[in-house]
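# Quick check, what structure comes out for this input:
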Amino acid sequence: MVLPVWSEVCESLTDAIRAALPLQIREAGVGRVSGIGLHIDTYYGCAGLYLLPESAVHTIDPEWVDNIGDWPISTDWDRTKDHARAFAAHWGRWDNWFRDHLNYHTEAEGDEIGRELLRGACEAMRQNEAIGLLNSFPKAEDFKIIIAEHDDPRDMYLERYDLFVRTGEIRCWGVDD
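The predicted model follows:
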């Protein structure tokens, strides 16, 4: 199977975050942000951007506050929202490509796809951080960036972005566990 050009995948994800995040921040209101989460399903190749306003932290069970699926603002849950459409305008091409090629790769290629999707997610977030996008809004004291794969255990998704920024290493559940 021909794999995608990973730099193009990363560029699309970078642009998707850049387009959607300001719209998500606007939806959250003027309060501080406690977290940004990027969900990557490495099997299906889909992605979603999540936002946790500080005001919503107290509405989530403390045991689940790091589970981005419980965060209130997402490009996944309501695809009619401006931020979801902005994200899909850049990521939709790859969402379709990965879905269309789902059953046409070997196990080794599947591992490569998973690792490269997570690397691309971390790199896309780092690029947006480098241009100051994450400095364009007020952050809570415990602000976090989570890059999560669908089946990750909690410790892996909480550590992934920081590990990548510090070392360039990508850990993948099911491959490196």
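# C-alpha from now on. contacts and neighbour counts both.
Fine.
# hey, where'd the strands end up in this protein?
Using DSSP state E, the strands of the chain run over 33-41, 46-53, 73-74, 139-149.
# List the buried residues of the longest one.
Neighbour counts over strand 139-149 (16 or more other C-alpha atoms under 10 Å) mark Lys139, Lys144, Ile145, Ile146, Ile147, Ala148, Glu149 as buried.
# give me the number of residues near the residue found closest to Arg119 once you drop the neighbours it is linked to in the chain?
Take Arg119 and drop its neighbours on the chain: the residue closest to it by C-alpha to C-alpha, 6 or more residues apart in numbering is Ile170, 6.2 Å away. For Ile170, the neighbour count with other C-alpha atoms under 10 Å is 17.
# Could you check how far the residue nearest the centre of the chain is from Lys144?
Nearest residue to the geometric centre of the chain (C-alpha atoms, centre = their mean): Leu38, 1.5 Å. For Leu38, the distance to Lys144 (C-alpha to C-alpha, to the nearest Å) stands at 11 Å.
# And for Arg85?
Distance from Arg85 to Lys144, by C-alpha to C-alpha: 24 Å.
# in the chain, which ranges drop under the pLDDT threshold?
Scanning the chain for pLDDT under 70 picks out the ranges 1, 173-177.
# now do 90
Scanning the chain for pLDDT under 90 picks out the ranges 1-3, 27-31, 42-43, 45, 62-64, 69-70, 75-80, 101-112, 150-158, 169-177.
# can you pull out the helices in it?
Counting by DSSP state H, the chain has helices at residues 6-28, 54-57, 82-100, 107-130, 154-167.
# Only the buried residues of the first one, if you could.
By neighbour count on 16+ other C-alpha under 10 Å, the buried set for helix 6-28 is 9-25, 28.
# And for the shortest one?
Across helix 54-57, burial judged by 16+ other C-alpha under 10 Å covers Glu54, Ala56, Val57.
# Just send those residues back as a markdown table, with distance to Asn128 too.
Below are the buried residues of helix 54-57 laid out as a markdown table (distance: C-alpha to C-alpha, whole Å):
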| residue | distance to Asn128 |
| --- | --- |
| Glu54 | 21 |
| Ala56 | 24 |
| Val57 | 24 |
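# From those residues, pick the one nearest Ile131.
Glu54 (23.3 Å; C-alpha to C-alpha).
# shouldn't that closest one be in contact with Ile36?
No. Applying C-alpha atoms under 8 Å, one finds Glu54 not in contact with Ile36, separated by 11.1 Å.
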